[in-house]
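Asks: one predicted model, sequence on top.
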Amino acid sequence: MRYWLIKSEPSVYSWDQFVEEKETFWNGVRNYAARNNLRAMKKGDLAFWYHSNEGMEIVGIAKVTKESYQDPTTNDPAWLVVDFKPHKKLKKPVSLAAIKADKRLADMDLVRLGRLSVGTVKPEEWKIIMEMAGEK
């Protein structure tokens with residue numbers, strides 16, 4: 001299993017809305033690096049759900065339910081989507097400030113590539129974030 005981080009502005013699509021809808025496809029990605037990360041996702045992979053611009057914190061975990069396929073919101077075959085369902089709300093959100101303050105996370109995509117909407121998370125980074133969130 002691999003780990004990821006996906007970003008959404010809460011005013012556009014929040015964690016609570018995602019939970020209410022029970023499943024969604026991750027569309028609108030128009031960056032090749034982010035698209036390549038979507039392409040690499042496999043069913044069962046987990047992704048931190050990050051509220052960007054407002055809140056700027058990891059609030060939950062989504063699970064990949066369907067691997068990449070053509071983005072239905074565009075005719076351009078270059079762009080893909082992945083299906084997700086809610087997996088777990090974090091006990092305690094983890095802020096970007098807290099992540100940046102932890103030197104062990106200095107190489108995390110979220111820190112190094114701040115504008116990337118779909119990033120990788122290394123297993124050791126996942127473990128640290130989970131500890132920061134009060135999760136086992």
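Replies: Arrived safely.
Asks: tell me the contacts of Thr73?
Replies: Contacts for Thr73 (Cβ atoms under 8 Å, 6 or more residues apart in numbering) come out as 27-28, 81. (C-beta placed from N, C-alpha, C; glycine too.)
Asks: so which residues of the protein form helices?
Replies: 15-21, 32-40, 96-101, 109-112, 123-132 (DSSP state H).
Asks: quick one: which of the contacts of Thr73 is nearest to Ala47?
Replies: Val81 (13.3 Å; Cβ to Cβ).
Asks: turn the helices of the chain into CSV, including distance to Phe48, mean pLDDT and mean neighbour count.
Replies: Listed next are the helices of the chain as CSV, based on distance: least, Cβ to Cβ, whole Å; pLDDT from 0 to 100; neighbours: other Cβ atoms under 10 Å:
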stretch, distance to Phe48, mean pLDDT, mean neighbour count
helix 15-21, 11, 97, 14
helix 32-40, 13, 97, 17
helix 96-101, 10, 98, 14
helix 109-112, 8, 97, 17
helix 123-132, 7, 98, 16
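Asks: nearest to Pro77 among those helices would be which one?
Replies: Pro77 lies closest to helix 32-40 among the helices of the chain, at 11.3 Å (Cβ to Cβ).
Asks: if we can go back for a sec, format the helices of the chain as TSV; extra columns: distance to Tyr69.
Replies: TSV is the format used below for the helices of the chain (distance: least, Cβ to Cβ, whole Å):
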stretch	distance to Tyr69
helix 15-21	19
helix 32-40	10
helix 96-101	31
helix 109-112	23
helix 123-132	26
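Asks: and of those, who's closest to Arg2?
Replies: From the helices of the chain, taking Cβ to Cβ, the stretch that ends up closest is helix 32-40, at 7.2 Å.
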